[in-house]
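> no FASTA, just this:
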């Protein structure tokens, strides 16, 4: 699958992927239930067909319905989403993303979380990242 396909999801396609990832698998009706301000059943079905064509979802027929599952790992989807957010809101600056996370008063990072972040930074330095 090309990177372009992973990064070129519409807002609604990303919402659908979130629901399918959260559930592990889902039917069109289940996705429809999970959407805020959902479009019609046929619109969701069409969007899920597009996600299959983009190799983001797979599907199998179970009785009279199709059950959809993610075709990409959650890790790959997270990386793609983070790149999109970093590009859109933080001028492609990892430093700005980390600063926003640390300064977010709602985050309330624990000492253990801060220590793990320090270890990740030290490892990145050693590995030349």
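Cool, the structure landed. Keep in mind it's a predicted model, so treat the numbers as computed, not measured.

> low-confidence bits of this protein, can you list those?
Confidence mapping of the chain against pLDDT under 70 gives the ranges 1-7, 105.

> how about the strands in it?
With DSSP state E as the criterion, the chain has strands at 57-62, 65-70.

> out of these, deepest packed?
When you average the neighbours per residue for each of those (mean count of other C-beta atoms under 10 Å), strand 65-70 leads with a mean of 18. Backbone N, C-alpha and C define where each C-beta goes, glycine included.

> and it, what does it pack against?
Using 3 or more C-beta pairs under 8 Å, 6 or more residues apart in numbering; DSSP states H and E as the contact criterion, the elements in contact with strand 65-70 are helix 11-23, helix 28-34, helix 41-53, strand 57-62.

> got the contact list for that strand?
For strand 65-70, contacts defined as C-beta atoms under 8 Å, 6 or more residues apart in numbering pick out 17, 20-21, 24-29, 31, 48, 51-52, 56-61, 77.

> so what are the domain limits for the protein?
Domains of the chain are assigned by automatic domain parsing as 3-70, 91-129.

> out of the contacts of strand 65-70, which are buried?
17, 20-21, 25-28, 31, 48, 51, 56-57, 59, 77 (16 or more other C-beta atoms under 10 Å).

> which of those residues sits closest to residue 96?
Within the set of the buried ones among the contacts of strand 65-70, residue 77 lies nearest residue 96; the separation is 22.0 Å, counting by C-beta to C-beta.

> that closest one contacts residue 20, doesn't it?
No - with contact defined as C-beta atoms under 8 Å, residue 77 does not reach residue 20; the gap is 10.0 Å.

> just to revisit the earlier point, so which of the domains of the chain is nearest residue 81?
Taking C-beta to C-beta as the measure, the domains of the chain were each checked against residue 81, and domain 3-70 came out nearest at 7.4 Å.

> distance from the closest one to the middle of the chain?
Relative to the mean C-alpha coordinate of its chain, domain 3-70 is positioned 13 Å out (C-alpha atoms, centre = their mean, to the nearest Å).

> make residue 1 into 10 and carry on from there
Noted, 10 is the first residue going forward, which turns the last one into domain 12-79.
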